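Asks: Structure for this input, please:
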Amino acid sequence: MSGTRDRGKEPITDIDRLIHEPARFLIMAHLYVVEAADFLFLQRQTNLTWGNLSSHISKLEDAGYVHVEKSFKGKKPHTMVRLTEGGRAAFERYRESMQAALDNIPG
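Replies: Numbers count the residues shown, from 1 in each chain. Below you'll find the model as predicted:
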């Protein structure tokens, strides 16, 4: 999604629908403030099930918003997730678009 807006276009139309989904928004918001997070940390912070979190992370990875690194600690699998530069930029555009949309509400 482009960060530019057409004149007269409603700010809400600039919202990145991939990030706007509540579970993916939570994942992106948590990753925005840390360098990286492991899967269990994200699961605890978002209260998503293993399968649901995995599915949402896969969608974000397919979009190029997150990088997933799988390894082992001893014999236990360990998954680390971090925002990519594109993911960080997309989240910043999302925040700006949401702020513009909220600022556009009369009241």
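Asks: ok, and the closest non-adjacent residue to the residue nearest the centre of the chain?
Replies: Residue closest to the mean C-alpha point of the chain, counted by C-alpha atoms, centre = their mean, is Met28 at 2.6 Å. Nearest residue to Met28, sequence neighbours excluded (C-beta to C-beta, 6 or more residues apart in numbering): Phe91, at 5.0 Å. C-beta coordinates here come from the backbone N, C-alpha and C atoms, glycine included.
Asks: shaky segments in the chain?
Replies: 1-11 (pLDDT under 70).
Asks: report the longest helix in it, please.
Replies: helix 85-103 (DSSP state H).
Asks: Show me which positions of it end up buried.
Replies: Going by neighbour count (16 or more other C-beta atoms under 10 Å), the buried part of helix 85-103 is Gly87, Arg88, Ala90, Phe91, Arg93, Tyr94, Ser97, Met98.
Asks: which strands and helices sit next to it?
Replies: Helix 85-103 sits against helix 17-20, helix 22-32, with contacts defined as 3 or more C-beta pairs under 8 Å, 6 or more residues apart in numbering; DSSP states H and E.
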